[in-house]
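Undergrad: generate a structure from the sequence data that follows.
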Amino acid sequence: MITITLEKEQISCSQGTTLYELSQKYQKNYEFPIIVAKCDGIIQELYHEVVEGTHVEFCTTRDTDGARVYLRGISMLLLKAIYKEVPKEELERVRIEFCLDTGYFCRMEGQAVMTQELLERIEKRMRDYVEEDILFKKHVIPTRDARQLFDSLHMCDKGQLMEYRRNSRTTVYTLGKFTDYYYGAMPYSTSILQHFRLELFEDGFVFVVPKEEEPVTMPEFKPSMKQYRALQYTNEWSRKLHVATVGQLNHQIVNGDFQDLMLTQEALHEKKIGDIAEQIAESGCRIVTIAGPSSSGKTTFSYRLSTQLKTLGLRPYPIGLDDYFVNRVDTPKDADGKYNYECIEAIDTRQFNQDLNDLLEGKEVQLPTYNFITGCREYDKPYIQLEAEDILVIEGIHGLNDKLTYSIPREEKFKIYISPLTTLNIDGHNRIPTTEGRLLRRIIRDARTRGNSARKTISMWNSVRSGENVNIFPFQEQADAMFNSALIYELAAMKLYADPLLFQVTKDCPEYAEAQRLLKFLDYFIPVDPHDVPLNSILREFIGGGILLG
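TA: The predicted structure is shown next:
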């Protein structure tokens, strides 16, 4: 017998007991299905045997780590079904490209055409596999052999990824006779993958899965078409430059093509910002609002947009939304009793609208300054008065919400949504979530500008994302323009900054597993010299050294 700690309780079990056997015994204590475990802070699949003295925590499909495992399981289940239903000679490859609302957009390449009838057959076969309760089996093989294997399976993007792996061993998974490579842990078997749906969408299809907070409820698929078009534009650009995957990016870095790629990407950003400035000028709007999730590069974008507006004869005037916080004593509190500065009720929208209307009418206005020490608004700025060519630029979390500017006619406002919408993927079957790049950006920036450890930033991340789900994402479709601030090369440039910060997170911290996951993720990238990054790049907002923010 051996002794382990399960959650907070010490238990005894037989040597050789697997995590799966323990999960079956203790499943009754959990509301949602157990899919993976943390052993001393490290994610482990359920086939592993427990070890004497280990601290075990089970993750369900309701947990962030469990939701990731569920998504990878569904992905492999889908691909196995597709390769079974579609003749090999008609199918060149399948790509899982990006997340869109509750769905994940996929595309088949080759002669095969996705139809409703074919999609229904694929979904039925997936459900048959779920009923068969097929095991996900893990195999560790030499990386050289893995590369040859995937080249023989015509998964050349995986072979190219292996080419630049330092590790001499690589993990591959089999599901029945289907073999694939996945970044991260997999489920024990297909029986847990009960909830999914396939839908035709545009020139491909999506597989829809439950939201993390409601893991047994199938949601509607209500995509933002503006976001879809922005992602497709970036996707097409990436494919033309042959940088759709990490393997292709590494290939360009190794072969000396990185600087040209970087300058091309930066030029694309400048062109898109210029296009948006022209849209604003043509619209005749006097107020521009900019909103987006954390670490989107909103501040740098607003500076660069202002420069483009000046070239069109306009004179941008920035207004800080933070200066319109209500006095701290009147600030709403969240469920934990802490001041909630992210809700719109924390903004004095009445005074804000009064000042905007007065400015638009040509009146002199004295704008406030919020004193974060005293928690009160102060008036110590000179009065301002707008002239004909002046245009107000407002950057803030509620910029897309009409409640912020409720008294301003819609035709006077131009709304911009900015987000780093990642389309670079590890390979055709392993996508990189947009949140991955945003979290790394924030870890680096907060360490540099606020002295925050990676542990602290990671610990706050779920709370940050919860606020975005309420205050930003529901309004993104109202934007007049959408700017994708992701840079195809940024993860390679951020690696040298992020690695030391993540290694500082120690084993005894709850954030250790996430830090290790990010380190493993960054290991796919060949680093580049960040000193080559242009001084006005959005990336400079995070790594520092720029000419716009310092």
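Undergrad: what segments of the stretch 251-400 of the chain are helices?
TA: Taking DSSP state H, counting those that start in this stretch to define them, one finds helices in the stretch 251-400 of the chain at 258-283, 298-311, 349-360.
Undergrad: if you count neighbours, what's buried in the longest one?
TA: The reference is to helix 258-283. Under the neighbour-count criterion of 16 or more other C-beta atoms under 10 Å, helix 258-283 has 258, 261-262, 265-266, 268-269, 272-274, 276-277, 280-281 buried. All C-beta spots, glycine's among them, are computed from the backbone N, C-alpha and C.
Undergrad: pLDDT for those residues - can I get that in JSON lines?
TA: Converted to JSON lines, the buried residues of helix 258-283 look like this (pLDDT from 0 to 100):
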{"residue": "258", "pLDDT": "93"}
{"residue": "261", "pLDDT": "95"}
{"residue": "262", "pLDDT": "96"}
{"residue": "265", "pLDDT": "95"}
{"residue": "266", "pLDDT": "96"}
{"residue": "268", "pLDDT": "95"}
{"residue": "269", "pLDDT": "96"}
{"residue": "272", "pLDDT": "97"}
{"residue": "273", "pLDDT": "97"}
{"residue": "274", "pLDDT": "98"}
{"residue": "276", "pLDDT": "98"}
{"residue": "277", "pLDDT": "98"}
{"residue": "280", "pLDDT": "97"}
{"residue": "281", "pLDDT": "96"}
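Undergrad: could you dump those residues into TSV and include distance to residue 140?
TA: Putting the buried residues of helix 258-283 into TSV (distance: C-beta to C-beta, whole Å) gives the following:
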residue	distance to residue 140
258	32
261	33
262	36
265	36
266	40
268	40
269	41
272	44
273	47
274	50
276	49
277	53
280	55
281	59
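Undergrad: between the residues you listed, which is closest to residue 176?
TA: residue 261 (39.5 Å; C-beta to C-beta).
Undergrad: hang on, the closest one packs against residue 241?
TA: Yes: assessed by C-beta atoms under 8 Å, residue 261 is found in contact with residue 241 at 6.6 Å.
Undergrad: identify the contacts common to the two.
TA: The contact sets of residue 261 and residue 241 overlap at residue 488 (C-beta atoms under 8 Å, 6 or more residues apart in numbering).
Undergrad: what are the phi and psi angles of the closest residue in space to residue 269 that isn't next to it in sequence?
TA: Nearest non-adjacent residue to residue 269, counting by C-beta to C-beta, 6 or more residues apart in numbering: residue 538, 6.9 Å away. Torsion angles at residue 538 (phi, psi; degrees, to the nearest 10) stand at phi -60, psi -30.
Undergrad: identify the residues contacting residue 294.
TA: Contacts of residue 294 by C-beta under 8 Å, 6+ apart are 438, 442, 464, 468.
Undergrad: circling back to that earlier point, would you agree the residue nearest to residue 269 is in contact with residue 301?
TA: Yes: applying C-beta under 8 Å, one finds residue 538 in contact with residue 301, separated by 6.5 Å.
Undergrad: higher neighbour count, these two?
TA: Shown here are residue 538 and residue 301; by other C-beta atoms under 10 Å, residue 538 has more neighbours (29 against 23).
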